[in-house]
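Asker: Build me a model from this:
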Amino acid sequence: MGPSSAGNAPVAISADGNTIVGYYMSRIGSPASNEILWRWTAAGGVETLAYAAEPDTEIASLFSTADASLVVAVASPLQGSTFAPNAMRWSSSGDPSILFAGGAGDMSADGSLIAGWDANGAPLLWTASDVKYFADIAAAQGIDTQGWQLGKPIYVAEDGSFVLGRGVCGETTVTYRLSLHE
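Answerer: You can find the predicted model right below:
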């Protein structure tokens, strides 16, 4: 299952075992490997998810819903001499959409909330209706973040109610917990 390659890496499986998502390196070389994002189903076999098939694209941070009908990844195509990460989302129809320029740290179980960071590293929350920065979510809850550097999110609760991230308070590296209920 999955494409035949020494660099094949399945990373998520649906709860019923009928869908698997992963990626593989189709070419090794300079300037970068071409990593192909794929989804395998028992009914349909292997499907290449189109955007990641672009030449010189790196794949990172791969997440899926329990049924693997929704896949979120960071696809970073080579632009000039650097990679430009984009948080991407593929639905069961296979059509990709760019959610935002930056990276993704985790998502809720149903994929309706995606915690990530923008191109400057500022943590944010994506929903189908908008993008909110963690600093704004905290301010709306009356949380004083003066002296804090909210870092990248690392975990979203399955129900999307909280997010955990790494940050700095004063001189100390900390893990923070932010409620997503306003």
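Asker: Could you tell me whether D106 really is in a helix?
Answerer: No. Applying DSSP: H, G, I helix; E, B strand; the rest coil, one finds D106 to be strand, outside a helix.
Asker: Hmm, T127 and S112 touching each other?
Answerer: Yes. The criterion here is C-beta atoms under 8 Å, and S112 meets it with T127 at 6.3 Å. Any C-beta I mention is one placed from the backbone N, CA and C, and that applies to glycine too.
Asker: and the gap between the nearest residue to G111 once chain neighbours are set aside and R39?
Answerer: Of all residues not flanking G111 in the chain, L70 sits nearest, at 4.1 Å (C-beta to C-beta, 6 or more residues apart in numbering). Separation of L70 from R39 (C-beta to C-beta, to the nearest Å): 10 Å.
Asker: list residues touching both of these two?
Answerer: Contact criterion C-beta atoms under 8 Å, 6 or more residues apart in numbering; residues shared by L70 and R39: W90.
Asker: Between those two, which has more neighbouring residues?
Answerer: R39 (24 against 18; other C-beta atoms under 10 Å).
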